[in-house]
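> Need a 3D model of the following:
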Amino acid sequence: MAVSIDNYLRTLASSYYLKNDSTEVEKISKSLANLLSNLDKELGVLIKRRFVFGSYDRDTILPRSIDSRSDVDIMVVFNHTEYERTPETYRAWLKNFADKYYKDRYDSEVVKSFPTVTIKLNHIRYDLVPAKETEYQYVTNTLYIPDGGSNWRTTDPNDVKKKLTEANTRYNNVVRPIIRLMKGWNSTNSYPFDSYDLEMNIIGMNFHGDNVQSGLIWAARYLSIANTQTQNDKLASLQYNIGKMEESLNDNDLENAKRWLHRVFPNA
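Just a heads-up that it's a prediction; the model follows:
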């Protein structure tokens, strides 16, 4: 019988987890509280509500030691009642806010970004996403964010979190560890895939009967979002190394399997 690397992969995925009692989370919480307080002070009368979403809220964000692009997404929903405003109007308000409070501070930076506004505090990025919301009686409210141009597109950040939670529960808690591992691979390979697209692709996979080991092999083999030659080349490399890891496991060579594994997945 082949040896297993499942427990090792679980431990590795756990090392990619941004733990609630970590120094990094403490810094994020402090900077986030400061940012939201300043945002309310400067634009509070114009804001309907604001909330954290994205990978930080879904618990799939990686430590910056693994993923230098890890960021905290904040949706800023503006009051949208007087007349129709464009996404750029709201982005300009957020950019003016960011410049006023953070442009000239020694420990912060306002980063060029579009259509969001990005503030870097203590080397951690906070993406401010302008949004509007429509309300209908007896119908769920609809959120809109910029489409990357001058128009709006609908979004539902809670839907992504719900799908992830349901998938993780359905497949015996292997989905989040697999996502963390695959995002670790993505970050050490110059980000061939958008992090959000990568998560969504894995959330949609069937991991029935899988542990982390078999689920990771399945995810690497059937990831289906490649549409450029670079992405295909990165996937081919991943699949080759995972295949060599499987061969080593079948030969009961655990140490060699780990060596192949770490050709594509970073040590924490």
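> Give me the neighbour count for the residue nearest to Ser15 when sequence neighbours are not counted.
Leaving aside its sequence neighbours, Ser15 sits nearest to Ala268 (Cβ to Cβ, 6 or more residues apart in numbering; 3.4 Å). Heads up, the C-betas are built off the backbone N, CA and C, glycines and all. Counted with other Cβ atoms under 10 Å, residues neighbouring Ala268 total 15.
> Report the separation between Ala268 and Thr188.
12 Å (Cβ to Cβ, to the nearest Å).
> list the residues that contact both of those two?
Shared contacts of Ala268 and Thr188 (Cβ atoms under 8 Å, 6 or more residues apart in numbering): Ile66.
> Would you confirm that Asn141 contacts Glu135?
Yes. Counting by Cβ atoms under 8 Å, Asn141 does reach Glu135; the two are 5.1 Å apart.
> about what we covered before: against Trp260, how distant is the residue nearest to Ser15?
18 Å.
> Check Met245 too.
Distance from Met245 to Trp260, by Cβ to Cβ: 4 Å.
> between these two, who's got more neighbours?
For Met245 versus Trp260, the count of surrounding residues by other Cβ under 10 Å is larger for Met245: 25 against 21.
> Who are the contact partners of that one?
Neighbours of Met245 in contact, by Cβ under 8 Å, 6+ apart: 5, 257, 260-261.
> Low-confidence regions, the protein specifically.
Within the chain, the stretches with pLDDT under 70 are 1, 81-84.
> Spatially, what comes nearest to the most centrally placed residue in it if we skip its sequence neighbours?
With distances taken as Cα atoms, centre = their mean, Ser55 lies nearest the centre of the chain, 3.6 Å away. Leaving aside its chain neighbours, Ser55 sits nearest to Ile61 (4.2 Å; criterion: Cβ to Cβ, 6+ apart).
> what about the one you found, is that helix, strand or coil?
What DSSP: H, G, I helix; E, B strand; the rest coil gives for Ile61 is coil.
> ok, and what's touching stretch 144-162?
Stretch 144-162 is contacted from outside by 53-54, 57-58, 75, 86-88, 91, 114-116, 129-134, 142-143, 199-200, 203, using Cβ under 8 Å, 6+ apart.
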